[in-house]
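K.L.:
next come a sequence and a model predicted from it.
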Amino acid sequence: MHPLLSKQLDLLNEPQKESVLHGKDPLLILAGAGSGKTRVITTRIAYLIGAEQIHPASILAVTFTNKAAAEMKERVEKMAPGSSRVMIKTFHSFGAWLLRLNAELMGLKPSFVIYDDKDAVELLRTIYPDQPRNELKVYASLISKAKDECLSPSDNLKEVSNDPRFPEYYAKYEEKLRRVGNADFGDLISLPVRLLKEHDEVRKRIRQRFRAILVDEYQDTNRAQDMLLEQLVGPENRLCVVGDDDQSIYRFRGARVENILSFEKRFPDTKVIRLEENYRSTGHILAAASAVVNNNQGRLGKTLWTQKGDGEKPRVLYFSDQREETAYVTDLLKDKRYEETAILYRTNAQSKSFEDCFRKNNIPYRLVGNLSFYEREEVKDCLAYLSLLLNNADEVAMRRIINKPTRGVGAGAISKIDPFLDDTDDVLEAIKLSLPHQRGKAKKSLEEFTAAYARPLWDDEKDSLAYYIRQFLDRFSLMEHYRGRDRAEGTTREDNIHELINSASEYRGTTEELVRFMEEQGLNPPSHDETEHVQGVTLITMHNTKGLEFERVIITGMEEGLFPRGGGDIYENEEDTEEERRLFYVAVTRAMKELYMTSCRFRPRYGRLEESWPSRFLNELPAEHISESAPYDDFGGSSSSKEQDPWNESQDVSYPEAGKLDIPQGGGKVLGGYSVGTRVYHDDYGNGVVFNVIQNGGHLVINVQFESGKTAVLMPEFCSHKLEKLAHDEWQ
């Protein structure tokens with residue numbers, strides 16, 4: 001055994017060590033938040049190599065992100081020299097590897113290109129050109145969900161959608177996708193499942209290849225991924241899965257907590273080991289998290305504990321409105337502990353008030369969740385050019401780039417290509433066949449386009465792939481096109497293209513390496529968050545905090561309807577509530593030393609100021625482990641003024657009874673174009689009349705009585721087109 005591995009074993013606590021040394025039976029490691037699961041899974045891999053003498057190439061470890069896979073690989077190689085042949089991949093990259101090895105069995109070419117969600121929509125557009133793009137997005141999403149369930153167009157699709165047109169859309173999409181010869185993300189799991197089910201010799205060979213299989217973040221697997229795992233594992237294979245049922249928060253992406261809950265039943269003789277010692281948070285924080293998640297019925301159960309001591313009690317704070325909430329957080333940051341602080345919220349829209357306030361107060365911040373690098377127009381254009389180079393049947397790529405940069409190939413010219421696409425799967429050949437029917441600039445441009453693709457790309461194969469990609473894109477003046485746009489628009493699109501090309505520097509200039517580059521760009525894109533290196537307060541959704549930790553965490557928007565989402569009777573079933581409760585558990589356990597939770601009585605939503613109630617999760621917190629401010633009815637924030645408080649019930653604003661709406665005489669001050677007596681129309685409420693208008697914290701707030709008898713406190717700046725003023729004669 002390597003000395004580093006021996007030393008690592010000595011650092012483990014007893015449950016961790018038991019997990020590493022476990023024998024051949026299936027193993028389920030329930031790893032609580034902050035319990036050192038990555039250390040356990042990497043040490044087990046090193047132990048299998050160093051002590052059990054399993055060859056590195058016979059070990060497969062599967063996780064969900066490229067970052068996690070890279071970290072795992074680095075740790076293993078430190079403990080077990082010579083372990084570089086361990087296959088550590090994401091689910092999708094493993095599926096792509098397996099498909100390329102057996103492409104012909106599944107009707108694919110080894111050089112197939114992987115379509116993302118937007119490509120799938122564009123493929124549907126080639127089939128249904130007259131359908132609105134938004135409608136096609138819905139069908140593309142449904143197709144993705146069906147593949148996550150390993151359902152084909154001929155299966156019963158009712159559990160995915162009751163839309164009677166969906167089976168037809170799915171069937172035609174699959175037919176076209178197979179003709180094009182590419183695969184989408186769903187195929188990277190569902191097709192390997194089919195491959196292993198239908199081809200006994202392949203299944204036997206793969207099981208013999210991988211004697212030990214380990215799965216990280218098992219609670220995030222969907223049905224197709226779990227079915228793939230079942231096909232990979234036979235009686236002769238060692239199986240170890242690591243996960244936390246309390247951190248299963250991606251049901252909206254297809255993740256099934258049932259996979260981890262039913263693991264013992266599906267894999268006989270399973271050993272379950274719980275990792276409950278937390279190395280991240282203090283005692284009061286863990287007690288708060290455990291108390292809330294204990295209310296879930298669908299869990300295997302564990303209790304986190306720590307040797308760090310109780311620490312400070314989490315603080316629950318109630319505010320009148322979002323303005324007070326933001327002001328409090330801003331005041332808290334006067335200690336300038338920016339990098340140590342994270343503000344968590346349920347929806348992206350909640351970040352705006354903090355961004356506005358932080359900019360005014362010169363507080364640095366980083367907003368996590370910007371537009372993905374690979375969703376940018378210029379990057380997708382480059383990848384489309386390369387995709388068509390690898391696969392001449394890629395109609396989606398052709399339609400994206402045929403007139404970009406603009407080369408005079410409009411809709412008319414493209415319509416002359418369409419008939420020939422029915423006769424050949426080679427879109428470049430279809431363009432050539434259309435040339436006798438083309439005219440003028442379009443004809444010349446299409447001739448140059450096909451000629452550029454006909455020229456050989458590789459010469460002596462001594463240069464890196466980056467060199468050849470740059471040379472290839474220059475044939476189409478793409479860089480020049482975006483350089484001009486950057487000058488005109490003040491953007492940095494050319495820089496993004498350079499960054500994409502530079503990422504190919506480590507690849508050799510061959511077709512095989514181009515295939516590998518394209519696959520890795522699509523499956524494992526590096527982080528290109530424009531703010532990732534910015535020092536400052538982190539603004540982030542709760543879902544995006546998975547795996548992160550911060551000294552100080554502020555969870556905002558703890559109100560029914562916002563968190564948990566929906567609220568009350570809107571929930572379809574208890575599963576929704578339990579998923580939200582698990583999300584709360586994840587959010588709380590990001591905090592190392594300090595935790596704040598805020599709730600507002602009024603918050604702008606859907607264009608109006610709505611009254612809210614405290615989140616049910618706050619009521620589930622144990623009183624002995626939290627410090628709580630006064631509830632809404634008694635709370636008088638220092639930054640509010642009762643004279644300007646639009647929800648102060650003592651305010652002298654009298655509303656008539658429903659059905660007896662008497663329009664008051666206008667007069668008094670006019671604010672933002674509104675005054676007492678102004679007639680308005682609201683999409684949700686109908687006709688109404690203003691009975692009070694004030695400025696509150698820089699926002700215009702109006703009280704309105706509607707014909708229905710309802711009253712509302714509205715903020716016109718958030719109402720968009722929902723609120724409009726009526727002329728005197730429009731409503732009497």
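P.N.:
Sure, I can see it. Numbering: from 1, shown residues only.
K.L.:
going by C-alpha atoms from here, please, whenever you check contacts or count neighbours.
P.N.:
Noted.
K.L.:
what pLDDT does Tyr250 get?
P.N.:
Tyr250 is assigned 92 on the pLDDT scale.
K.L.:
go on, His528?
P.N.:
For His528, the model assigns a pLDDT of 44.
K.L.:
got it, and the one 5 residues further on?
P.N.:
With respect to pLDDT, His533 scores 57.
K.L.:
now do Phe449
P.N.:
Reported pLDDT for Phe449: 96.
K.L.:
measure it to Ala287 for me?
P.N.:
Phe449 sits 65 Å away from Ala287, going by C-alpha to C-alpha, to the nearest Å.
K.L.:
do the same with Glu549
P.N.:
Glu549 sits at a distance of 17 Å from Ala287 (criterion: C-alpha to C-alpha).
K.L.:
again with Thr424
P.N.:
Thr424 sits 65 Å away from Ala287, taking C-alpha to C-alpha as the criterion.
K.L.:
and those two? which has more neighbours close in?
P.N.:
Taking neighbours as other C-alpha atoms under 10 Å, Thr424 and Ala287 compare with Ala287 leading, 21 against 14.
K.L.:
can you tell me the element Glu724 falls in?
P.N.:
Using DSSP states H and E, Glu724 sits within strand 723-725.
K.L.:
repeat that for Val670.
P.N.:
strand 667-671.
K.L.:
and that strand, average pLDDT?
P.N.:
Across strand 667-671, pLDDT averages out at 68.
K.L.:
now do stretch 48-66
P.N.:
Across stretch 48-66, pLDDT averages out at 94.
K.L.:
same thing with stretch 24-39?
P.N.:
The pLDDT scores in stretch 24-39 average 96.
K.L.:
for stretch 592-600, same thing?
P.N.:
In this model, stretch 592-600 carries a mean pLDDT of 97.
K.L.:
from the chain's centroid, how far away is that stretch?
P.N.:
24 Å (C-alpha atoms, centre = their mean, to the nearest Å).
K.L.:
in stretch 125-136, what's buried?
P.N.:
The neighbour-count check on stretch 125-136 (16 or more other C-alpha atoms under 10 Å) flags Arg125, Leu136 as buried.
K.L.:
so how far is stretch 476-496 from its chain's centroid?
P.N.:
28 Å.
K.L.:
in that stretch, what's buried?
P.N.:
Result for stretch 476-496 [16+ other C-alpha under 10 Å]: buried residues Phe476, Leu478, Met479, His481, Tyr482, Arg483, Arg493, Glu494, Asn496.
K.L.:
just confirm the last one is within a helix.
P.N.:
Yes - assignment of Asn496 by DSSP: H, G, I helix; E, B strand; the rest coil places it within a helix.
K.L.:
show me what the longest strand along the chain is packed against.
P.N.:
For the chain, the longest strand by residue count, based on DSSP state E, is strand 591-605. Identification of packing neighbours for strand 591-605 by 3 or more C-alpha pairs under 8 Å, 6 or more residues apart in numbering; DSSP states H and E yields helix 283-293, strand 315-321, helix 322-332, strand 550-555, strand 608-611.
K.L.:
nearest to Ile249, of those?
P.N.:
helix 283-293 (12.5 Å; C-alpha to C-alpha).
K.L.:
now the closest one: average pLDDT?
P.N.:
Summarised as a single mean, pLDDT over helix 283-293 is 97.
K.L.:
that one: how far from the chain's middle?
P.N.:
That offset, for helix 283-293, works out to 26 Å (C-alpha atoms, centre = their mean).
K.L.:
and what of stretch 171-184?
P.N.:
The answer for stretch 171-184 is 25 Å, by C-alpha atoms, centre = their mean.
K.L.:
which residues does it contact?
P.N.:
By C-alpha atoms under 8 Å, 6 or more residues apart in numbering, the residues outside stretch 171-184 that reach it are 107-109, 112-117, 120, 123-124, 127, 153-154, 391, 393-395, 425.
K.L.:
and Lys404, how many neighbours does it have?
P.N.:
Lys404 - counted by other C-alpha under 10 Å - has 15 other residues nearby.
K.L.:
same question, Pro622
P.N.:
A total of 15 residues lie near Pro622 under the criterion other C-alpha under 10 Å.
K.L.:
which residues touch it?
P.N.:
Taking C-alpha under 8 Å, 6+ apart as the test, what Pro622 contacts is Ala287, Ala288, Ala291.
K.L.:
does the first one really touch Glu624, like I thought?
P.N.:
No - Ala287 is beyond contact range of Glu624, at 9.6 Å (criterion: C-alpha atoms under 8 Å).
K.L.:
about what we covered before: the strand holding Val670: what's the following helix or strand?
P.N.:
Going down the chain from strand 667-671, the next helix or strand is strand 674-676, by DSSP H and E.
K.L.:
in its sheet, what does that next one sit against?
P.N.:
Using DSSP bridges, strand 674-676 pairs in its sheet with strand 667-671 (antiparallel).
K.L.:
wait, isn't Leu523 in contact with His92?
P.N.:
Yes - with contact defined as C-alpha under 8 Å, Leu523 counts as touching His92 (6.9 Å).
K.L.:
before we move on, the earlier item: now, among the contacts of Pro622, which is nearest to Asn544?
P.N.:
Checking the contacts of Pro622 one by one against Asn544 (C-alpha to C-alpha), the nearest turns out to be Ala288, at 20.9 Å.
K.L.:
which residue packs closest to Met479, ignoring adjacent ones?
P.N.:
Glu494 (6.4 Å; C-alpha to C-alpha, 6 or more residues apart in numbering).
K.L.:
quick check: the one you found vs Ala587, distance?
P.N.:
Note on Glu494: its distance to Ala587, by C-alpha to C-alpha, is 38 Å.
K.L.:
next up, the contacts around Leu500.
P.N.:
Neighbours of Leu500 in contact, by C-alpha under 8 Å, 6+ apart: Val379.
K.L.:
so how far is Ile54 from it?
P.N.:
Relative to Ile54, Leu500 is positioned 38 Å away (C-alpha to C-alpha).
K.L.:
so Leu539: helix, strand or coil?
P.N.:
From three-state DSSP, the assignment for Leu539 is strand.
K.L.:
return the subset of the buried residues of stretch 476-496 lying in helices.
P.N.:
Taking DSSP state H, the ones among the buried residues of stretch 476-496 that sit in helices are Leu478, Met479, His481, Tyr482, Arg483, Arg493, Glu494, Asn496.
K.L.:
show me what contacts the third one?
P.N.:
I take that to be His481. Neighbouring residues of His481 by C-alpha under 8 Å, 6+ apart: Pro405.
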